[in-house]
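Asks: structure here, sequence nowhere to be found:
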């Protein structure tokens, strides 16, 4: 009986594992994250978050390929463009973006396409991307969409793993202008 009491005390005073602390931090961060519709005041910050990720992956940017980011409000007027920002006492910056566009699906029905999904490099691996994806999925459901599609560059392995973990499945690959692209789908 003394052994079980000592073991119980040891468990009660044991320090949390690194995994437990990381999950606690991610949980705290999720509570600090606010996702809302894009506003004109978000223009520069939202554009910067998207372009940062692209620059990081490609090592450079062609300004002629991202003209939709020059005027997000106009470019996504018929879509849902969301921004995620931290709502802490000292950090209120935009750290995530994502848009949901409506399109005709292969079967003729309406489906949503997720585009411009991005998380600032210093805010990754904290559950922010999952929150943004969940918010976009919730918007799709609210709009009556039964299927969401998205595409990413086939060599962007971390992103492909992220979408698979979030329930998306690969539908096909296609050769794009500069690289191979992988298309994903999620039935709602």
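Replies: Sure, I can see it. Here the structure is a predicted model, which means the values were calculated and not measured.
Asks: next, the buried residues of stretch 67-83.
Replies: 68, 69, 72, 76, 79, 80, 81, 82, 83 (16 or more other CB atoms under 10 Å). (Each C-beta comes from the backbone N, C-alpha and C, glycine too.)
Asks: need the residues you listed in JSON lines (columns: pLDDT, secondary structure and distance to residue 94).
Replies: Formatted as JSON lines, the buried residues of stretch 67-83 follow (pLDDT from 0 to 100; DSSP: H, G, I helix; E, B strand; the rest coil; distance: CB to CB, whole Å):
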{"residue": "68", "pLDDT": "95", "secondary structure": "helix", "distance to residue 94": "17"}
{"residue": "69", "pLDDT": "95", "secondary structure": "helix", "distance to residue 94": "13"}
{"residue": "72", "pLDDT": "97", "secondary structure": "helix", "distance to residue 94": "11"}
{"residue": "76", "pLDDT": "97", "secondary structure": "coil", "distance to residue 94": "15"}
{"residue": "79", "pLDDT": "97", "secondary structure": "coil", "distance to residue 94": "17"}
{"residue": "80", "pLDDT": "97", "secondary structure": "strand", "distance to residue 94": "16"}
{"residue": "81", "pLDDT": "98", "secondary structure": "strand", "distance to residue 94": "12"}
{"residue": "82", "pLDDT": "97", "secondary structure": "strand", "distance to residue 94": "10"}
{"residue": "83", "pLDDT": "96", "secondary structure": "strand", "distance to residue 94": "5"}
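Asks: kindly reformat the residues you listed as CSV containing distance to residue 59.
Replies: Formatted as CSV, those follow (distance: CB to CB, whole Å):
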residue, distance to residue 59
68, 21
69, 18
72, 24
76, 27
79, 29
80, 31
81, 26
82, 28
83, 26
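Asks: for residue 107, see how far away the residue nearest the centre of the chain is.
Replies: With distances taken as CA atoms, centre = their mean, residue 129 lies nearest the centre of the chain, 3.1 Å away. Counting by CB to CB, to the nearest Å, the separation of residue 129 from residue 107 is 29 Å.
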